[in-house]
Each structure stands twice: as C-alpha cells, then as structure tokens.
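1. Below is the structure, and that's it, no one-letter string:
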C-alpha cells in the first residue's frame, strides 16, 4: 500500500505522526473503451476550447470564476487556506460511536503510526476501545476539507470520512404512503417472513456474482464459444392479494448460499 497523506493526529496536546491509506479498492472489471472499427483505444485529450490544441498536464491550473474573471489558485493557496488542517487531523470532540447515523459515513481510511508515534497511537486506540467513543475531526485532503471520525477497529485506528449535513438530501420530496392501513394478519405474516430469512451478517458470503458471470462470457467469447445465457426465473403468485403473496412466500426460502432471490 502507498500512503496518500501523511501528517499527524492532534489529541489534546498530544501529537501522533501518522500515515493515511485508503482502506478500499475498486473490484470492478477494468474495461477499456475501444473504437468498434479496429478496436483501437479511445483516448481523452485535455483541449484548450479556444485553440482546439491539447494542453499538457504541467500547464493546467485550477481557477474559480469570480465576478466574470477567473482567479487562479496554486498549491500554496490551498495550503494557506488552512495550514493546520492540511497537516493535522485535530480531534475536536469525542462522541458515542453508535450515535453517528450511518447515512453520514463515507470513505474509510487506515491510519498507521509514523516513526515516533507508536506509543501515542496505541494509547489513543486503547482509550477509544475502553470508552466506546470516536474522535470527531476535520482535515484537508486534496484541496477539500473533510469531516471525519477516528475510531478503533480490531487492533488499529480507522478514519471514516463523513458527509456534511448539507450533503444529505431531504426525504421530504419522496412520495410516501400516508393513508395505507396494514392489517394485523398481514403484519404478523410479514414479521414471520422476516424471521424466516433472518441470518447473521457475514460479508464473506457475498461476492460480486455479476462480475464473475461477465468473466465467463468474456472467456467464452475469447475461445470462440457462444456464451451460455441463463434464463431468468421470476416467480409470482397468482393472487394480487398481499396476504396471499406473503403466505406463499413462507416456506419458499432457497438454500442459504448468500445469493439473491429472483424477484
């Protein structure tokens, strides 16, 4: 792994030098865009819209349109906007980890102690484990300020980036049922169905089956074979009555393979 950021965690007057690593990786198939005529690679060019000529990366700058004129910003400007937050993840408060709504969670990052920060790192880890708290903080990464929590996970610290409240859309625009009445029999049957499908959450049971199937098609086509297309099995009840549909669903649970049912 390659660190994407290095700095320190500010914990009171304690300073913990750390390195930040992305905790996720893209597992999608890496498909190339090609010209159907000859299969040449499609390339994007950064073009000056006035001259039509390509602009090399080293010549590209970032600018903000302000009162009809662009103000160009360079690396020093971004760092000068908040030099502290560009180098220090300052813990501003400690909150109950369970009190954070999941809707705010975004990208996770591993935190690794840098040289000299091992003991303070371990101290913060154990203190968070014992208290059940998470450290709320803000820092600047890639010219953006991020809200985040630092929390213990297994034997290391994890930084979880959070969305700001303003990034969450209001649910008031949804068209939701308001005058629908659910009968007790229907509710009991639905609860029974949920209990029948209840299981321990085990992420290892769930794989990207779509990618696997797509790879089978790729290998079949590469060897000159006709890909086998699975027939879609959709099971419906004959009745439109919700209770009858729930009743028919009970006992139809497939073997526990982690695969989704046809709907």
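-> Received the coordinates, thanks. Given the structure is predicted, the values throughout are model-derived calculations rather than measurements.
2. Break down the chain into its strands, ranges please.
-> 5-11, 14-22, 62-66, 69-73, 88-96, 105-113, 133-141, 144-153, 156-162 (DSSP state E).
3. Count the neighbours of residue 109 for me.
-> Residues lying near residue 109 (other Cβ atoms under 10 Å) number 23. Glycine gets a C-beta too; all of them are placed from N, C-alpha and C.
4. Relative to residue 240, how far out is it?
-> 49 Å (Cβ to Cβ, to the nearest Å).
5. Same check on residue 166?
-> Between residue 166 and residue 240 the computed distance is 43 Å (Cβ to Cβ).
6. Rebuild the strands of the chain as CSV, extending it with mean pLDDT.
-> Shown next, in CSV, are the strands of the chain (pLDDT from 0 to 100):
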stretch, mean pLDDT
strand 5-11, 91
strand 14-22, 94
strand 62-66, 93
strand 69-73, 93
strand 88-96, 93
strand 105-113, 96
strand 133-141, 91
strand 144-153, 92
strand 156-162, 96
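7. what's the closest of the ones you listed to residue 177?
-> strand 105-113 (28.1 Å; Cβ to Cβ).
8. and the angle from the closest one to strand 144-153?
-> Here strand 105-113 runs at an angle of 70 degrees relative to strand 144-153 (axes from the mean of the first three to the mean of the last three Cα atoms, to 10 degrees).
9. Tell me how far residue 204 lies from residue 190.
-> Where residue 190 is concerned, residue 204 sits at a distance of 29 Å (Cβ to Cβ).
10. With neighbour numbers in mind, choose between those two.
-> Ranked by neighbour count (other Cβ under 10 Å), residue 204 and residue 190 place residue 190 first, with 15 against 6.
11. what sits against the closest residue to residue 157 other than its chain neighbours?
-> The shortest distance from residue 157 to any non-neighbouring residue, by Cβ to Cβ, 6 or more residues apart in numbering, is to residue 111 (4.2 Å). Residues in contact with residue 111 (Cβ atoms under 8 Å, 6 or more residues apart in numbering) are 9, 18, 19, 20, 21, 121, 150, 156, 157, 158, 159.
12. Take those and lay them out in JSON lines including distance to residue 175.
-> Putting these into JSON lines (distance: Cβ to Cβ, whole Å) gives the following:
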{"residue": "9", "distance to residue 175": "45"}
{"residue": "18", "distance to residue 175": "46"}
{"residue": "19", "distance to residue 175": "47"}
{"residue": "20", "distance to residue 175": "42"}
{"residue": "21", "distance to residue 175": "42"}
{"residue": "121", "distance to residue 175": "49"}
{"residue": "150", "distance to residue 175": "39"}
{"residue": "156", "distance to residue 175": "44"}
{"residue": "157", "distance to residue 175": "42"}
{"residue": "158", "distance to residue 175": "38"}
{"residue": "159", "distance to residue 175": "37"}
